[in-house]
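Trainee: sharing a sequence plus its predicted fold:
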Amino acid sequence: MFKTLVPVLLATTALYAAETDPMAEVCDRLAAALEQETAALTRMQMAEDVPAALEELRSSLAALKSLMEVDQKELWLYIDNTPGVKQPLVDELERLALQFARLKNAGFFSNGELKALLAPQVLDSPEAQRAKREKLREIDHDED
């Protein structure tokens, strides 16, 4: 009896810990917001599709913005150290990046509002470009 009781108690404890961990809830909100953004962008196949999807896009961006109030260091520690959390987020970010590239190549369907909404995520600022160049230099020097 003890052999069957221990796994049940451990599973129950793990489930309870996941339900009460605030970072688990934050990760769920992050994943949901990213999925919502990807879905909204995926529906934008022609210029006529953009207006109908903009409200959902605004909603997902607001959800992502609300997550900025969370302790980012604690969130990344949770994501990096909790099995099964990081890879689904990476996969969703890859799907989102494909949509960003597609919309950027399509000129954002000449929709100024869409371009403005996505600019912080898609368009590189001079600081972001400089950081990328420095990162590439670090990688090149690591291979020497």
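Mentor: Great, that's in hand. Model, not experiment: these values are computed from the prediction. Numbers count the residues shown, from 1 in each chain.

Trainee: would you mind measuring from the spatially most central residue of the chain to Val90?
Mentor: Residue closest to the average C-alpha location in the chain (CA atoms, centre = their mean): Leu34, at 4.6 Å. Plainly put, Leu34 is 10 Å away from Val90 if you go by CB to CB, to the nearest Å. In short, each C-beta sits where N, CA and C put it, glycine included.

Trainee: rewinding a little: now do the contacts for the residue nearest to the centre of the chain.
Mentor: 60, 64, 89, 92-93, 96 (CB atoms under 8 Å, 6 or more residues apart in numbering).

Trainee: which pair of these spans the longest distance?
Mentor: Largest separation among these by CB to CB: Ser60 and Leu89, giving 14.5 Å.

Trainee: what about these two, which has more around it?
Mentor: Shown here are Ser60 and Leu89; by other CB atoms under 10 Å, Ser60 has more neighbours (21 against 14).

Trainee: tell me which element that one falls in.
Mentor: Assigned by DSSP states H and E, Ser60 belongs to helix 50-66.

Trainee: could you list the buried residues of that helix?
Mentor: 50, 53-54, 57, 60-61, 63-64 (16 or more other CB atoms under 10 Å).

Trainee: take those and write them to TSV, including pLDDT and distance to Glu127.
Mentor: Listed next are the buried residues of helix 50-66 as TSV, based on pLDDT from 0 to 100; distance: CB to CB, whole Å:
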residue	pLDDT	distance to Glu127
Val50	97	29
Ala53	96	30
Leu54	97	28
Leu57	97	25
Ser60	97	25
Leu61	96	21
Ala63	96	25
Leu64	95	20
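
Trainee: what's the closest of the residues you listed to Ala24?
Mentor: Ala63 (16.4 Å).

Trainee: verify the stated contact: that closest one with Arg29.
Mentor: Yes - in this structure, Ala63 is within contact of Arg29 by CB atoms under 8 Å, at 6.6 Å.

Trainee: circling back to that earlier point, which helices and strands sit right next to the helix holding Ser60?
Mentor: Helices and strands in packing contact with helix 50-66 are listed as helix 22-42, helix 112-122; criterion 3 or more CB pairs under 8 Å, 6 or more residues apart in numbering; DSSP states H and E.

Trainee: quick check: which of those helices is buried the most?
Mentor: Mean neighbour count (mean count of other CB atoms under 10 Å) peaks for helix 22-42 among the helices and strands packed on helix 50-66, with a mean of 17.
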